[in-house]
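1. Provided below are the primary sequence and the corresponding predicted coordinates.
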Amino acid sequence: MTFLRTALNAQRKKRGEAEISTPEFLKHVRAVAGKLGIEQEMLRRGVNVGFSGGEKKRNEILQMALLQPRLCVLDETDSGLDIDALKTVADGVNALRSPKRGFVVITHYQRLLNYIVPDVVHVLSRARPHRENRRQGAGARPRSDRLRSISRRDGVKLAMNAEVRPIKTAAETALATNFAAAKPALPGAAAIGTLREDAFRRFEAEGLPHRRVEEWKYTDLRALMREAKPLAGVPDAAAKARARDVLGQLAAIDARRIVFVDGAFAPELSDLARLEPGLTVGSMAQALAAGNRDLLTRLNHVVPTDDVAVALNTAFMGDGALIHVAQGAALAQPLHLVFVNAGSAPAAVFVRSLVVIESGARAMLLESHVGSNAREDQVNAVLELRVGDDAHVDHVKITGEGAGAMHVSTLMAAVGAHARFNEFLFTTGGGVVRNQAFVHFGGEGTIASIRGANLLKGRQHADTTLVVDHAVANCTSREVFKSVLDEEARNVFQGKITVRPHAQKTDAKMSTHALLLSDKAEADNKPELEIFADDVQCGHGATSGALDEDLLFYLKARGIPPKEAEALLIQAFVGEAVEGIEHAGLRDALIDHVVAWVATRG
């Protein structure tokens, strides 16, 4: 407030007006904030202290309303905003419009034009501006169709027709070609066909996620995905034989296996005999082909999202697991979804699974994605998980694909009341990995533990993006993520906790910690809180650093060789996250993975 009052008084002095006093200024600020729909609580905060992205944008609109500039330049003002924040910002801009004030609004997204109707639209299409395009003065004409000026005639209609269409990359073009060719053979009746078409149109409008999309700023798929692999075909006997060899590596995990080879259900490799009472296991492809009505009501509705990677999966989804655990059933043996890439050549795999755990049930779900180290597959996996009231569910996902593989995975979990939900993400493989999770609390009294560990080396890139939505009161969540980075590896953590207005008594804590074993390793941490309730306990933190020299000295002073001393500290660092897994056998298996990874260090 002090800064704004100083700026406002500088303007008044320039105009020969008397300075405004502090009480008068505060009264004026409250009045302007009220007109813009900005909460009074925001006015009491320091600059950028505890502000979410949307609140920072609202703060910018408030500054404009107070200082009344004649020209306002808004550069990507809609970047990273949810729809509510976008509407608030747009309302502020519209409220400030006048014949005496000009606005230049720069955006990469058409959605802004739904709320701010411009007088003139300049559309950059198919190429970036050249020096040859020159400045456009009176009567100047565009040298090509790269830059077009559209004058307003009928308001909204004209603005909505001003679409920005960037150049399609080779991968985006190949995906369009692949979809057109594969569409007739993809499973599903007319209703599914419409769902696929709508999803692919969304992908075509947005393109591959890139660094200008806030949620994907650290994992630019448009740059990282140079080409789109052909869709995986039906696995032959040779592929299944290779998959059988890979399955031998998972023998230490005692669980009921449900196996998919190159994205296709392989019942002959799965353990489907003598299913426990209340457990149903099926194939997603078969259910889609049969037009399962219950499936159609659930698909894409567990936790709705506009994420482009999910839209691409919806368009191409082939097979996956369809699992139902009946009310009150308690599974004694974990279910292990194993996705093996074993084709003769690298391919693109789109798997979609739906798991429904009814009220009072208990189940543990493992999910492994594996492949040989030399493979460069592209995997897009989506799991929709509905957890009923009073249920207890554990989900552990292991990513161990080849060093050249690209893996994008999405978990959409809706958790009911008085439930227990434990999530663990473990990544050691893959060249580029993006694990994103959207967790929605739909009932009071639920406790969730969301953890993860990434062990990366070489030029591996792993991105964990988490959105935890506390939509109801009296829920608890704990998020703890650890990453160990060697050589030129890069780890990204983006975690966001949202507390809705009526979610009082929420207790949410988030932390991420990175251990850097090389000067060239990189850790990007971005934990966020977005809180709209006042009776909550929430916090977040992030750390990164090297091994503690004092602890290394302590161990070496007791006769432990340097490499073993480092290994002990790395195992202890990761162990805090792994120890949260309730299943002792799986916990021990993952600890063995950590020991094996450490042993491979040079």
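-> Arrived safely, thanks for sending. Numbering: from 1, shown residues only.
2. these two touch, right, residue 440 and residue 413?
-> Yes - counting by Cβ atoms under 8 Å, residue 440 does reach residue 413; the two are 7.0 Å apart. C-beta: built from backbone N, CA, C; applies to glycine.
3. Mind listing the shared neighbours of those two?
-> residue 303 (Cβ atoms under 8 Å, 6 or more residues apart in numbering).
4. Which residue of the two possesses the greater neighbour count?
-> residue 413 (24 against 18; other Cβ atoms under 10 Å).
5. how close does the more buried one get to residue 465?
-> 14 Å (Cβ to Cβ, to the nearest Å).
6. and if you look at residue 590?
-> Relative to residue 465, residue 590 is positioned 22 Å away (Cβ to Cβ).
7. Looking at these two, which one has more neighbours?
-> For the pair residue 590 and residue 465, the greater number of neighbours falls to residue 590 (24 against 21), based on other Cβ under 10 Å.
8. Next SSE downstream of the helix or strand encompassing residue 12?
-> For residue 12, the element it lies in under DSSP states H and E is helix 2-14. Next along the chain after helix 2-14, taking DSSP H and E as the criterion, comes helix 22-36.
9. Pull the residues that contact that following helix.
-> Contacts of helix 22-36 (Cβ under 8 Å, 6+ apart): 1, 4-5, 8, 20, 39-40, 42-43, 58, 61-62, 65-66, 88, 91-92, 95.
10. Any quick PyMOL command for the buried ones out of these?
-> To isolate in PyMOL the members of the contacts of helix 22-36 that are buried, counting by 16 or more other Cβ atoms under 10 Å, one can use:
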select buried, resi 4+5+8+58+61+62+65+66+88+91+92
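11. Narrow the contacts of helix 22-36 to those in helices?
-> Of these, the ones assigned to helices by DSSP state H are 4, 5, 8, 58, 61, 62, 65, 66, 88, 91, 92, 95.
12. check contacts around the nearest residue to the first one once chain neighbours are set aside.
-> Among residues not flanking residue 4 along the chain, residue 66 sits closest, at 5.8 Å (Cβ to Cβ, 6 or more residues apart in numbering). Contact partners of residue 66, counting by Cβ under 8 Å, 6+ apart, are 4, 8, 28, 29, 32.
13. cool, and residue 256?
-> So residue 256 contacts 271, 333, 334, 335, 336 (Cβ under 8 Å, 6+ apart).
14. which of those count as buried?
-> If you count burial by 16+ other Cβ under 10 Å, the buried members of the contacts of residue 256 come out as 271, 334, 335, 336.
15. got any ranges where the stretch 51-200 of the chain has weak pLDDT?
-> Residue ranges of the stretch 51-200 of the chain with pLDDT under 70: 51-54, 79-82, 84, 109-110, 124-166.
16. Now do the strands in it.
-> For the stretch 51-200 of the chain, strands defined by DSSP state E, counting those that start in this stretch occupy the ranges 71-75, 102-106, 120-124, 147-151.
17. These into CSV, with extra columns for mean neighbour count and distance to residue 419?
-> Listed next are the strands of the stretch 51-200 of the chain as CSV, based on neighbours: other Cβ atoms under 10 Å; distance: least, Cβ to Cβ, whole Å:
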stretch, mean neighbour count, distance to residue 419
strand 71-75, 13, 43
strand 102-106, 14, 44
strand 120-124, 15, 48
strand 147-151, 13, 52
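18. which stretch among these comes nearest residue 541?
-> strand 71-75 (30.7 Å; Cβ to Cβ).
19. Direction included, what does that closest one pair up with?
-> Paired with strand 71-75 in the same sheet, following DSSP bridges, are strand 102-106 (parallel).
20. hang on, the earlier thing: check which helices and strands the helix holding residue 12 is in contact with.
-> helix 22-36, helix 53-67 (3 or more Cβ pairs under 8 Å, 6 or more residues apart in numbering; DSSP states H and E).
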